[in-house]
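S.K.: Sharing a sequence plus its predicted fold:
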Amino acid sequence: MDKSSLIGVIIAVVCMGLVFVEASHGHLAMFLSVEGLLMVGGGSISVCFIAMPMEKIKCVPGYMKRFMFQKGRSAVEVVQAMATLGEKARRDGILALEPEIEKLQTTDPFLASGLRMAVDGVDPEGIEATLRMEVMAMQERHKAGKKFFDLIKLYGPGYGLVGTLVGQVGMFGNLASADIGEMGHALATAVTATMYGAIIANAIAGPIGDKLALRSSDEILGREMMLQGILSIQAGDNPRVTLDRMMAFIPVASRAKLQMAA
Amino acid sequence: MDKSSLIGVIIAVVCMGLVFVEASHGHLAMFLSVEGLLMVGGGSISVCFIAMPMEKIKCVPGYMKRFMFQKGRSAVEVVQAMATLGEKARRDGILALEPEIEKLQTTDPFLASGLRMAVDGVDPEGIEATLRMEVMAMQERHKAGKKFFDLIKLYGPGYGLVGTLVGQVGMFGNLASADIGEMGHALATAVTATMYGAIIANAIAGPIGDKLALRSSDEILGREMMLQGILSIQAGDNPRVTLDRMMAFIPVASRAKLQMAA
Amino acid sequence: MDKSSLIGVIIAVVCMGLVFVEASHGHLAMFLSVEGLLMVGGGSISVCFIAMPMEKIKCVPGYMKRFMFQKGRSAVEVVQAMATLGEKARRDGILALEPEIEKLQTTDPFLASGLRMAVDGVDPEGIEATLRMEVMAMQERHKAGKKFFDLIKLYGPGYGLVGTLVGQVGMFGNLASADIGEMGHALATAVTATMYGAIIANAIAGPIGDKLALRSSDEILGREMMLQGILSIQAGDNPRVTLDRMMAFIPVASRAKLQMAA
Amino acid sequence: MDKSSLIGVIIAVVCMGLVFVEASHGHLAMFLSVEGLLMVGGGSISVCFIAMPMEKIKCVPGYMKRFMFQKGRSAVEVVQAMATLGEKARRDGILALEPEIEKLQTTDPFLASGLRMAVDGVDPEGIEATLRMEVMAMQERHKAGKKFFDLIKLYGPGYGLVGTLVGQVGMFGNLASADIGEMGHALATAVTATMYGAIIANAIAGPIGDKLALRSSDEILGREMMLQGILSIQAGDNPRVTLDRMMAFIPVASRAKLQMAA
Amino acid sequence: MDKSSLIGVIIAVVCMGLVFVEASHGHLAMFLSVEGLLMVGGGSISVCFIAMPMEKIKCVPGYMKRFMFQKGRSAVEVVQAMATLGEKARRDGILALEPEIEKLQTTDPFLASGLRMAVDGVDPEGIEATLRMEVMAMQERHKAGKKFFDLIKLYGPGYGLVGTLVGQVGMFGNLASADIGEMGHALATAVTATMYGAIIANAIAGPIGDKLALRSSDEILGREMMLQGILSIQAGDNPRVTLDRMMAFIPVASRAKLQMAA
């Protein structure tokens, strides 16, 4: 899990845990409601199944793993890698990149396939068209991942509301015969469903979806940089010029380090 | 019905059924309210009739069927079909596609009409203009289908709120003379309308609309692929290059299978 | 009134009427609140006057009439008309359209002025520029009409809320001295304002605005078809080709009929 | 103040006044709450100061004046003015516009500076670039004015909610020791803050912002017409053609009048 | 801190302070709730950590400082600076800008690097591409800063709602055994969480985010002006023409001053 997400999850768990314990004077079971879980959990899952095609649902565990473990290459690393490759191509000829491509095949297939085309002498328009379509397709896949969490964020609270209303109807229907303690329990159970809906939307699905979106645009930016780098390597441009242009996307603090290295 | 929608509907029905039974201690009649049904059901239908022209309303049963039974061609199948057609045209000449077109006439009129134009020697600009207009018109039709469910999702809860407010006005107006049991029943009935509105929006119209939107963009993508394929068949391009480019839209897992087949 | 709107209005009136009678046990006067009418009705009207310039407000009765009585030309009729005109121009020369233009002058000034320019030999760019500006201006006028209903949909419930809050302040301020019957009546009156706001937004202004928007885009599409048709008539194109291209926008069911007629 | 805004304000004041008097049985002081005013009024103002830079806040009194007194030139007047100028330039040569420019200097600096450039023989691209930048800058200034009212519309109700919650916390905290009359007053005061927020958003800031937006787009349209007119005057086009094209933006009712005059 | 933000913060603090004191009759501790702070404060922070990558979170203190202390160059200053540089380049040749570039290196690296390229004779397309990429990257960084406050504005109230619901569940669960004073305190504590959420969104994160957005677009506009200015200096244009065009973005009041100075 990347460090900031881990920290965020720990903060959320600690804060909510303390509040739960405090509000229930330690009787945490008070916050457990099977009806609420069925409504919000089952409802959210049912919405995802109804709204998304099977093949996209199958990718969801992959997105979850992606959210938790993948780190992605930072812009700094991409610029560095492109600069190294550019230097090598300029010094030893573009064919000298062959062994690099072999190594990249498994770690970064996008970069590898782009360089392969450059080495094979495919014309720049062809390289750009193929790689851009690859980027577009990646964007589509990311959107499908984000959609899953967006659906939960949108419909989870809706199902929570349904759960609360169902509970209230049940309670109001027995208003005459109920004593106040029973009524309190019924109300607590009813409100729990809305609470689950608010938690699933605000503490879980919402921030995960936001992170996936930020990561997606970072990756697209990184691939765009690679594309520019590959084209400029093939054209035999001075790698310094390309490097300078990409530098704009590097935070100022990291720039000095990079320029020293270059 | 496609498998994931079916699973989703079953999950929703089971979860909500359990909660309903539990909350009413088995007296499910408690959740039946003629006023609520008239308000939310009648209201949603009236909004659709007021907002949409007759000819579009007539298409709604078709959308429902479409949601339940149609499977659509997956991107993998489209790529495979285009590759097969491309191979054939390259080997035996473009006229060899005539019998294929006959067969496609009923199963995929879009592809058939595009290939027909290619075989007839219509110029590429003409083919592209005609097919793109066809795609645009399809998109318009899909939007009209989605609009129906969007209207229900938007106005259903609104009518539910009206139902609840009407019930509350009735109840408050008789506050002095009512005993608590009567008042409880009145409140339960009033809340039921909001509950119906929340269910129709979150469990029914919302997810169906989302699925139609996802399917629509899948179909547009598929047609875009066919268009590119037809143009490249007419130009006599190497079908491998086209195939490679389309491959970007195929999930990685399915790619190996395809390349083996090709 | 077009048929589907009429049906929608009847459904809404019947459903809401039944619920009102049922909830008030026949005492419909219970739902009448002068304060609510002043707040929601007066407030919505005041917002429209504050937000829209006088000359646009004057057009509102026209929009209402438009919503109720105008039927608009369907895409099928437009395609048919353009096909007939195209056939005639091809057979008898473009000047043979003169008498048609006379007839169209009152029923369809847009088409008439476009054909007039074509017959007068205005260059295609000039025709396109003039007609497109006409379409853009029509779109602006439609937006102004939709704006009126959007304002009511947006601010009606807001004013309803104000009415309810005013009523609640009045009620809470007299909480000590009031008996429960009085309080109930005060609450009922307060809630009525929110109810009026919900009704005006969900049952009236919302769906009317949606219908105007759908009609507007239909009309723009129809005019776009006319524009294409006029240009292709002037260019002396084969009317079949134009017809085929427009066919995309005709529902499948109507296509066979059209092709038979052509 | 333009007539329709004035009418709208009067309607709002009368309707709300009647409801206030009725709901409080004449004790209007009931609706006065210093806490509510501090919260909603002070809060809205503080948000504007925090969110907008000083130089833009200084322009706010100007926007208010603009909302109340400025009438703006209607499209009809713009078309008329451009037609007159076009006629004159065609009859007496473009230099004959010099005295007109003098007169326009104070009433319409935009038109004056455009005509000045045309008379001075600046090339059309230069005129268009300069005037379009002027239009863009005007649009920016309008956006800043609308922003002010949008901020109030957005954050006013938020601060109203804070006020109500503060009041409720105060009330609930003293629940044990309070008699019902006190509690009623506390509740009334608390609700007043939400009421102020709803009024400031729905009756004041919302409609004013909408009117500014409509006026802004009208002015941009007018300036676009002037720009086209100036370019066609410089090109020596027949003013009738330009007039005809602009006619599209004139409501049908006003067209006959204009054409008679021309 | 820029003056208007400072004034806004003071107004907010004074108004809210007065209301807090008034509503609690001086017992401000009533509004302190550790649960609320944990929920809204901890929750908001956890969302930011979950949703944003570490490297962007590290920039947040910078954004805060930026909000409080940075003043930014006004459009007037930019125009003035560009006019001075343009005059100098025209009088003494472009190489005369060398010493100016030295001075700008630390205060405005963007302008310095652009002028450096102009002096070095980089072709205009190259200058524009490099500077525009720099502007785009700046825009990306600003978006990340705004994202932080948007997340708090969006999820703060959500966590506040969770806090209130948790409190209500706790309270309702003990409804039978609680006396009214206890219940009041429990309710007050529960409501406090929603209040914190409303305050953090409406009084803090919302307006700060709006200000950052406004500043961002101001800075982008300023850089766009610099870019145009640099290109026109390199082209040897008359600085007056450039100045005139930029003048459009200067408020009318400041124009006279500038023209006097020029």
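M.R.: Noted; the coordinates are in hand.
S.K.: Run through the stretch 151-262 of chain A and note the low-pLDDT ranges.
M.R.: Counting by pLDDT under 70, the ranges of the stretch 151-262 of chain A that qualify are A:245, A:248-249, A:251-262.
S.K.: show me where it has helices.
M.R.: Applying DSSP state H, counting those that start in this stretch to the stretch 151-262 of chain A gives helices spanning A:180-199, A:206-234, A:239-246, A:252-261.
S.K.: mind checking how far stretch A:81-98 is from the chain centre?
M.R.: What separates the centre of stretch A:81-98 from the centre of its chain is 33 Å, taken as Cα atoms, centre = their mean, to the nearest Å.
S.K.: And the contacts of it?
M.R.: By Cβ atoms under 8 Å, 6 or more residues apart in numbering or on different chains, the list of residues contacting stretch A:81-98 from outside reads A:73, A:100, A:111, A:115, A:118-119, A:225-226, A:229, A:232-234, A:236-239, A:242-243, A:246, A:262. Placement of C-beta: from N, CA and C, glycine included.
S.K.: ok, 10 Å please
M.R.: A:73, A:99-101, A:104, A:108, A:111-112, A:115-116, A:118-121, A:222, A:225-226, A:228-230, A:232-234, A:236-243, A:246, A:258, A:261-262 (Cβ atoms under 10 Å, 6 or more residues apart in numbering or on different chains).
S.K.: Could you pull out the buried residues of that stretch?
M.R.: A:81, A:82, A:83, A:85, A:86, A:88, A:89, A:90, A:94, A:97 (16 or more other Cβ atoms under 10 Å in any protein chain shown).
S.K.: pLDDT added to those residues, as TSV?
M.R.: Below are those laid out as TSV (pLDDT from 0 to 100):
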residue	pLDDT
A:81	86
A:82	87
A:83	85
A:85	89
A:86	87
A:88	88
A:89	88
A:90	86
A:94	87
A:97	88
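S.K.: Just the ones in helices from these, please.
M.R.: Of the buried residues of stretch A:81-98, the ones assigned to helices by DSSP state H are A:81, A:82, A:83, A:85, A:86, A:88, A:89, A:90.
S.K.: my guess is residue A:116 contacts residue A:122, does it?
M.R.: Yes: taking contacts as Cβ atoms under 10 Å, residue A:116 lies within contact range of residue A:122: 8.7 Å.
S.K.: could you list every residue that touches residue A:25?
M.R.: Counted by Cβ under 10 Å, 6+ apart, residue A:25 has contacts E:170, E:173, E:174.
S.K.: wait, the second one sits on residue A:24?
M.R.: Spelled out, it's residue E:173. Yes: Residue E:173 is within contact range of residue A:24, at 7.2 Å (criterion: Cβ under 10 Å).
S.K.: among the helices of the stretch 151-262 of chain A, which is nearest residue A:162?
M.R.: helix A:180-199 (7.6 Å; Cβ to Cβ).
S.K.: More neighbours: residue E:173 and residue A:24, which one.
M.R.: Using other Cβ atoms under 10 Å in any protein chain shown as the criterion, residue E:173 and residue A:24 rank with residue E:173 on top: 25 against 19.
S.K.: excluding its backbone neighbours, what's nearest residue A:193?
M.R.: residue A:163 (2.7 Å; Cβ to Cβ, 6 or more residues apart in numbering or on different chains).
S.K.: Look up how far residue B:24 lies from that neighbour.
M.R.: Applying Cβ to Cβ, to the nearest Å, one obtains 13 Å for the distance of residue A:163 from residue B:24.
S.K.: cool, and residue A:9?
M.R.: Where residue B:24 is concerned, residue A:9 sits at a distance of 38 Å (Cβ to Cβ).
S.K.: Tell me the pLDDT of residue A:117.
M.R.: We note a pLDDT of 89 for residue A:117 in this prediction.
S.K.: give the contact list for the most centrally placed residue in chain A.
M.R.: Nearest residue to the geometric centre of chain A (Cα atoms, centre = their mean): residue A:212, 1.8 Å. Residue A:212 makes contacts with A:63, A:66, A:67, A:142, A:143, A:145, A:146, A:147, A:148, A:149, A:150, E:51, as judged by Cβ under 10 Å, 6+ apart.
S.K.: For residue A:236, give me phi and psi.
M.R.: Main-chain dihedrals, residue A:236, degrees, to the nearest 10: phi 70, psi 20.
S.K.: Chain neighbours aside, what residue packs nearest to it?
M.R.: residue A:90 (7.0 Å).
S.K.: Now do the same contact list for the residue of the stretch 101-250 of chain A found nearest chain C.
M.R.: For the stretch 101-250 of chain A, the nearest residue to chain C under the criterion Cβ to the nearest Cβ is residue A:172, separated by 15.3 Å. Counting by Cβ under 10 Å, 6+ apart, residue A:172 touches A:178, A:183, A:186, B:30, B:183-192.
S.K.: How many neighbouring residues does residue A:48 have?
M.R.: A count of nearby residues for residue A:48, using other Cβ under 10 Å, gives 24.
S.K.: and the nearest residue to it once chain neighbours are set aside, what does it touch?
M.R.: Sequence neighbours aside, residue A:151 is the residue nearest to residue A:48 in space, at 5.3 Å (criterion: Cβ to Cβ, 6+ apart). Shown in contact with residue A:151 (Cβ under 10 Å, 6+ apart): A:44-45, A:47-52, A:205, A:209, B:206-207, B:210.
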